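S.K.: Quick one: sequence plus predicted model below, questions after.
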Number of protein chains: 2
Amino acid sequence: MPSRPTIRDVAARAGVTDMTVSRVVNRSGPVSEAVRLRVEQAIDELAYVPSRLARGLRSHRTHTIALAVSDITNPFFTTIARGVEDAASDSDLLVMLCNTDESEAEEIRYMEMLAGQNVDGVLLVPAKGAEKACALAERYRLPLVILERRIPDNSHSLVHCDTRSGARRMVEHLLKLGHREFALLTTPIGVTTSDDRAQGAMEALEGTDGHAIVISETLNREAAGKVVERWASMEPRPTAMFALNNLLTIGTLKALRERGFRVPEDVSLAGFDDLPAPLLEQPFLTVVSQPAYQIGKAGVELLIAEITDPSCAHRQVMLQPELVVRSSCGPISAT
Amino acid sequence: MPSRPTIRDVAARAGVTDMTVSRVVNRSGPVSEAVRLRVEQAIDELAYVPSRLARGLRSHRTHTIALAVSDITNPFFTTIARGVEDAASDSDLLVMLCNTDESEAEEIRYMEMLAGQNVDGVLLVPAKGAEKACALAERYRLPLVILERRIPDNSHSLVHCDTRSGARRMVEHLLKLGHREFALLTTPIGVTTSDDRAQGAMEALEGTDGHAIVISETLNREAAGKVVERWASMEPRPTAMFALNNLLTIGTLKALRERGFRVPEDVSLAGFDDLPAPLLEQPFLTVVSQPAYQIGKAGVELLIAEITDPSCAHRQVMLQPELVVRSSCGPISAT
DNA sequence: TTGTAGGCGTTATCAT
DNA sequence: ATGATAACGCCTACAA
């Protein structure tokens, strides 16, 4: 036997036909006790595992879903991935992992591969617009659920987080600490979440004497340094910085310290997205924390609904973020 | 058209047979220019994507590999995963992600699913012995490459890291700093890497007047606390602690601080596995760092070799870890 | 250059 | 309770 045994090998060994084996395997019809035993023994002896491939060819279901994120290395996406895998596992689904690096071309490449692979559905954290990827999913009839970011048209199921309110609450917190001048640190890629967050921050300032300036840099190695330079040269210099994503927050913290600024004595720094507790040597950053694991889980649930009934209404799930107050934001200093 | 278009839909639309379409798609035979154009247009209009499923049924290749780790949430495995996905992507392979939670039962469950799914091969970071999972892979004729941990029998390709030498170098470093009493922090699960690391540490002590005591706790929430309690009550109390995996290191650091011990003033703490630089708010821990990304990449290369030629000799790749000296280990204090 | 026949491993459907 | 037949989408081998 060069390759893996098939249902017919099992049938031959048990002295029955493949249909009988199929019935035993799937409990899909009546089989006499004696025959069942013979078949089960044959299955065991040959180490037979039914081919999901062949099954999928008939059933048009592969029991496989895909998760496409920009970079699994970002703990926020890692946690989503764990949520997805756990939920998928509960439903006997396998998960394909795709890193898009925030690139539309990669999104498109993966969409094609995934369509060919006949995955049952796709969970996507879209890059920028991602209209193209979404359109492709439609074209290929791939059930699709968007995670974490809104996209312009809302013709898809969606799981996201009320980051606007999260940002608002953070700024309110900073206002209470006495801050009035804010720097909003963001990246220019037109990701809707950033816009939402900025908007939430602005909302909190309405009707107060506080105001905010947006500092936007492409997210790369030097981004944080540039951000800090710009901040340092501002007049008046904001007493609080609010970074609108996790890596930018940490980068800014490092850049500040390298230039001799102390946090929170010289400037308060708030961020978005928390790091998983086991990784934090000493919890320090005050952040708006999103329930990444839940986002993943909920995503799978919506996706399964779409797969089960492609004509079902698209649903939107909005989760609440949490304000985690730690020590990177202090009361405004008198100086 | 209720479902996705097939090669025959395209053929019908282009006024040819499926074989001609196949030839166009795979460039596998001569096709006249005119026909090719018609076919390509039909493909485009129908958004046809060849089914890898059906293809796999014939070719016995699905262009899919699986990566099974204990927990993708651990940055060490996350980085491996990224390496795997990048390398796989280069070879036009898709990656299934599996979390085994260090459980043999899960390993077995996944092995079965993956065999059924006809994945081309599996990359496994084995739990404990994992002999069962490896035996299963063999039984199911699944090409298998082991990552990061040795397993008893060496009948598989393997990518790992010279952690013994890594541990030895770390202890030598600590010896130079004046330390003589060491506590080796480990988890009792019989993972070979832990044994290797302990052995490497012991090697460094041979012929010196230093010696080490092993403290072993099941890795869970309270593990680090217990470890520190045990350490604190020792006589003489070791001046240096060396934790043999990453989460345990961070946990120990936190537990020490909670109990009022300063690192490195009161005790030096060294660890295994680094955290990705972008996540480190302030690099502090002195660690033996393993090239996780490379492990993933190399694993895929070995796996592809196994897939391409199942009869090929198993290969073992051993990568070198790096000693990263930061500030969690200091010279022994005179007190 | 293009087409026909058959089979990859399963299962739905219709016999027996 | 069991079996025969056909079909899922594609491609190899062979024929025209």
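M.R.: Thanks, I have the structure now.
S.K.: What residues does the residue in the stretch 201-335 of chain A that DNA strand D sits nearest to make contact with?
M.R.: Per CB to the nearest atom of the strand, residue A:310 is where the stretch 201-335 of chain A lies closest to DNA strand D, at 15.3 Å. Using the backbone N, CA and C atoms, a C-beta is placed for each residue, glycine as well. By CB atoms under 8 Å, 6 or more residues apart in numbering or on different chains, the contact list for residue A:310 reads A:141, A:143.
S.K.: Model confidence for it, exactly?
M.R.: Residue A:310 carries a pLDDT value of 84.
S.K.: Kindly report the same for residue A:228.
M.R.: Here, the pLDDT recorded for residue A:228 equals 95.
S.K.: burial measure for it, as a count.
M.R.: Residues contacting residue A:228 under the criterion other CB atoms under 10 Å in any protein chain shown number 25.
S.K.: Am I right that it is in a helix?
M.R.: Yes - under DSSP: H, G, I helix; E, B strand; the rest coil, residue A:228 sits within a helix.
S.K.: Excluding residues flanking it in the chain, which one is nearest it?
M.R.: residue A:255 (4.3 Å; CB to CB, 6 or more residues apart in numbering or on different chains).
S.K.: List the contacts of that neighbour.
M.R.: Neighbouring residues of residue A:255 by CB under 8 Å, 6+ apart: A:224-225, A:227-228.
S.K.: how does it look with 6 Å?
M.R.: By CB atoms under 6 Å, 6 or more residues apart in numbering or on different chains, residue A:255 lies in contact with A:224-225, A:228.
S.K.: Repeat that for residue A:230.
M.R.: Neighbouring residues of residue A:230 by CB under 6 Å, 6+ apart: residue A:215.
S.K.: Can you pull the residues of chain A lying near chain B?
M.R.: Contact residues, chain A versus chain B (CB under 6 Å from any CB of the partner chain): A:4, A:47, A:49-54, A:56-57, A:72-73, A:78, A:81-82, A:85, A:94-97, A:99, A:112, A:115-118, A:139, A:141, A:247, A:250, A:253, A:278, A:281.
S.K.: Quick check: which of those are also close to DNA strand D?
M.R.: Filtering the residues of chain A next to chain B for proximity to DNA strand D by CB under 7 Å from any atom of the strand leaves A:54, A:57.
S.K.: Okay, and which of the residues of chain A next to chain B map to strands?
M.R.: Secondary structure from DSSP state E places A:94-97, A:99 of the residues of chain A next to chain B in strands.
S.K.: before we move on, back to that, with the contacts of residue A:255 in mind, which one is nearest to residue B:21?
M.R.: Checking those against residue B:21 with CB to CB, the nearest one is residue A:224 at 52.1 Å.
S.K.: could you say which helix or strand contains that closest one?
M.R.: Under the criterion of DSSP states H and E, residue A:224 resides in helix A:223-232.
S.K.: Quick check: the gap between residue A:167 and residue A:150.
M.R.: 14 Å (CB to CB, to the nearest Å).
S.K.: who's more crowded, those two?
M.R.: Neighbour count, other CB under 10 Å: between residue A:167 and residue A:150, residue A:167 has more, with 28 against 18.
S.K.: can I assume the more buried one is in contact with residue A:197?
M.R.: Yes - at 4.3 Å, residue A:167 and residue A:197 qualify as touching, with contact defined as CB atoms under 6 Å.
S.K.: circling back: would you turn the ones in strands among the residues of chain A next to chain B into TSV with neighbour count, distance to residue B:291 and pLDDT?
M.R.: Formatted as TSV, these follow (neighbours: other CB atoms under 10 Å in any protein chain shown; distance: CB to CB, whole Å; pLDDT from 0 to 100):
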residue	neighbour count	distance to residue B:291	pLDDT
A:94	26	28	98
A:95	24	26	98
A:96	23	25	98
A:97	24	20	98
A:99	22	19	98
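S.K.: closest to DNA strand C among those?
M.R.: Nearest to DNA strand C among those: residue A:94, at 16.4 Å, using CB to the nearest atom of the strand.
S.K.: for the closest one, which residues make a bridge with it?
M.R.: residue A:64 (DSSP bridges).
S.K.: ditto for the one 5 residues further on
M.R.: With DSSP bridges as the criterion, the beta-bridge partners of residue A:99 are residue A:69.
S.K.: Look up how far residue A:71 lies from it.
M.R.: Distance, residue A:99 to residue A:71, using CB to CB: 6 Å.
S.K.: do the same with residue A:182
M.R.: Between residue A:182 and residue A:71 the computed distance is 28 Å (CB to CB).
S.K.: next one: residue A:259
M.R.: Residue A:259 is 27 Å from residue A:71, by CB to CB.
S.K.: same check, this time on residue A:268
M.R.: 28 Å.
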